[in-house]
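Enquirer: Let's see this in three dimensions:
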Amino acid sequence: MDRQGAAEHGHRITAAIACHVARAGGSVDDLTRLLLHPDHEGGRHARHIALRSGQARALDYIRRVWASASAAVASTRFLESRQQAYEVLAALRGRIV
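Expert: Residues are numbered from 1 along each chain as shown. You can find the predicted model right below:
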């Protein structure tokens, strides 16, 4: 995987984790602690940004991802069935690709 592909993959993982934290009622501080913890594999992308560009840049990145995830989660609806979940997932995949 090239550098751009790796960065995009890392960002998708970070965004998914941020959505999960937001949906669970967490905060940007919870997300930051999670992503910057050295033992959390899902935080590799954020830690790489911190190493490459500095801690302030990584924190700005995490805040931007949090804002996007919080907005996405706030605009979601409660799923009433497995079928409805599959439909929503299919629509989401269509928007991502």
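Enquirer: next one: the one helix or strand R93 maps to to chain centre, how far?
Expert: Assigned by DSSP states H and E, R93 belongs to helix 82-96. Relative to the centre of its chain, helix 82-96 is centred 18 Å away, using CA atoms, centre = their mean, to the nearest Å.
Enquirer: same thing with stretch 28-36?
Expert: On CA atoms, centre = their mean, the centre of stretch 28-36 falls 11 Å from the chain's centre.
Enquirer: Export that stretch to CSV, keeping only CA atoms.
Expert: What follows is stretch 28-36, C-alpha atoms only, in CSV (Å, rounded to 0.1, in the frame of the first residue of the first chain):
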residue,chain,number,x,y,z
VAL,A,28,-13.2,14.4,22.4
ASP,A,29,-10.9,14.0,25.4
ASP,A,30,-11.9,10.3,25.6
LEU,A,31,-11.1,9.9,21.9
THR,A,32,-7.8,11.7,22.3
ARG,A,33,-6.7,9.5,25.2
LEU,A,34,-7.7,6.4,23.2
LEU,A,35,-6.0,7.3,20.0
LEU,A,36,-2.8,8.5,21.5
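Enquirer: Run through who's touching it.
Expert: Stretch 28-36 is touched from outside by 14, 17-18, 21-22, 40, 42-43, 46-47, 50, 58-59, 62-63, 65-66, with contacts defined as CB atoms under 8 Å, 6 or more residues apart in numbering. (C-beta placed from N, C-alpha, C; glycine too.)
Enquirer: Any of the residues you listed buried? List them.
Expert: 14, 17-18, 21-22, 42-43, 46-47, 50, 58-59, 62, 65-66 (16 or more other CB atoms under 10 Å).
Enquirer: any idea what sits nearest L59, other than its immediate chain neighbours?
Expert: With CB to CB, 6 or more residues apart in numbering as the criterion, L59 has its nearest non-adjacent residue at 6.8 Å, and that residue is T32.
Enquirer: To what extent is the one you found buried, counted in neighbours?
Expert: T32 has 18 neighbours, counted by other CB atoms under 10 Å.
Enquirer: And the one residue sitting closest to the centre of the chain, what's its pLDDT?
Expert: Geometric centre of the chain, nearest residue: A15, 1.5 Å, by CA atoms, centre = their mean. You'll see A15 listed with a pLDDT of 94.
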